[in-house]
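J.: just the structure for this:
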Amino acid sequence: MCFVCGLKNKLGLKASFYETDQKELIAIFTPNQTHQGYPGRLHGGLAAAILDEAIGRNINMGKDEQLWGVTVDFSIRLKKPIPLGQPLKAVSRLTKENRRFFEGTGEILLEDGTIAATAHGKYYKMPIGDISSDFTMDPQDWMVKPAPDDPREIEIP
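T.: Got it, this is the predicted structure:
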C-alpha cells in the first residue's frame, strides 16, 4: 500500500523503478487528478514523496536488497509547476555513504527534460525487518519486478 510504489494502492503514484549503468535510480510515474494541489498541478508534498522514495531506494542498487533508508533529513526545491497526466521521471543518485548513513540527490524531470524539482536527503541505513515490527506483507508486493513491457533504455535529457 505504499503511496509511491504500491501497486495495490488505488490512489497511489504506482511508480516503476529502474537502475541505470550510471548508478542512478529512475522512477517513472504519471500523476493524475487525485494527486493535484492546484488544478492541473502535482501537489508539492507528492513531489517530495517521489523524490524521497527514489533517493531512499538508491541504497539498494547492487547491494543488499534488505537494506533500506529511513529519512533523517530531506529538503526540496520546487522550480517549475509539475503537470498532471504526463509521464514524469524522478532521477536519484548517492552522493555520500558511510557505515550508518547515506546521502543523495534527485530531480523530477518534465517530458521535455526541464528540471521541475530538486531534492537532497540524508538517510539512516536499516534492515527492512527493523523498520516496521508489523512488516508481514510479501516483499514482492513492493520490490522492483521486471515486466515484459519495461523499456530497454530510458533517456535522460
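J.: which strands and helices sit next to the least confident helix or strand in the chain by mean pLDDT?
T.: Counting by mean pLDDT, DSSP states H and E, the weakest-scoring helix or strand in the chain turns out to be helix 128-131, with a mean of 82. In terms of contacts (3 or more Cβ pairs under 8 Å, 6 or more residues apart in numbering; DSSP states H and E), helix 128-131 is packed against strand 67-78. Backbone N, C-alpha and C define where each C-beta goes, glycine included.
J.: distance between the strand it packs on and the chain's centre?
T.: 10 Å (Cα atoms, centre = their mean, to the nearest Å).
J.: ok, stretch 63-83 next?
T.: Distance, centroid of stretch 63-83 to centroid of chain: 6 Å (Cα atoms, centre = their mean).
J.: got it, and stretch 11-27?
T.: Counting by Cα atoms, centre = their mean, stretch 11-27 comes out at 6 Å from the chain centroid.
J.: on that earlier part again, buried residues, the least confident helix or strand of the chain. List them.
T.: Residues residue 128 are the ones in helix 128-131 that count as buried (16 or more other Cβ atoms under 10 Å).
J.: can you check stretch 102-121 too?
T.: For stretch 102-121, the neighbour count (16+ other Cβ under 10 Å) marks 102-110, 116-117, 119-121 as buried.
J.: likewise stretch 6-14?
T.: Neighbour-count burial for stretch 6-14 flags 6, 12, 13, 14 (criterion: 16+ other Cβ under 10 Å).
J.: same question for stretch 83-98.
T.: Neighbour counts using 16+ other Cβ under 10 Å place 84, 88, 89, 90, 91, 92, 93, 94 of stretch 83-98 among the buried residues.
J.: residue 52: what secondary structure?
T.: Using DSSP: H, G, I helix; E, B strand; the rest coil, the secondary structure recorded for residue 52 is helix.
J.: ok, now the one 4 residues further on?
T.: Following three-state DSSP, we place residue 56 in the helix state.
J.: contacting residues for it?
T.: Going by Cβ atoms under 8 Å, 6 or more residues apart in numbering, residue 56 touches 68, 69, 70, 71, 104, 121, 123.
J.: can we see that at 6 Å?
T.: For residue 56, the contacting residues are 69, 123, by Cβ atoms under 6 Å, 6 or more residues apart in numbering.
J.: any idea how far it is from residue 66?
T.: Separation of residue 56 from residue 66 (Cβ to Cβ, to the nearest Å): 14 Å.
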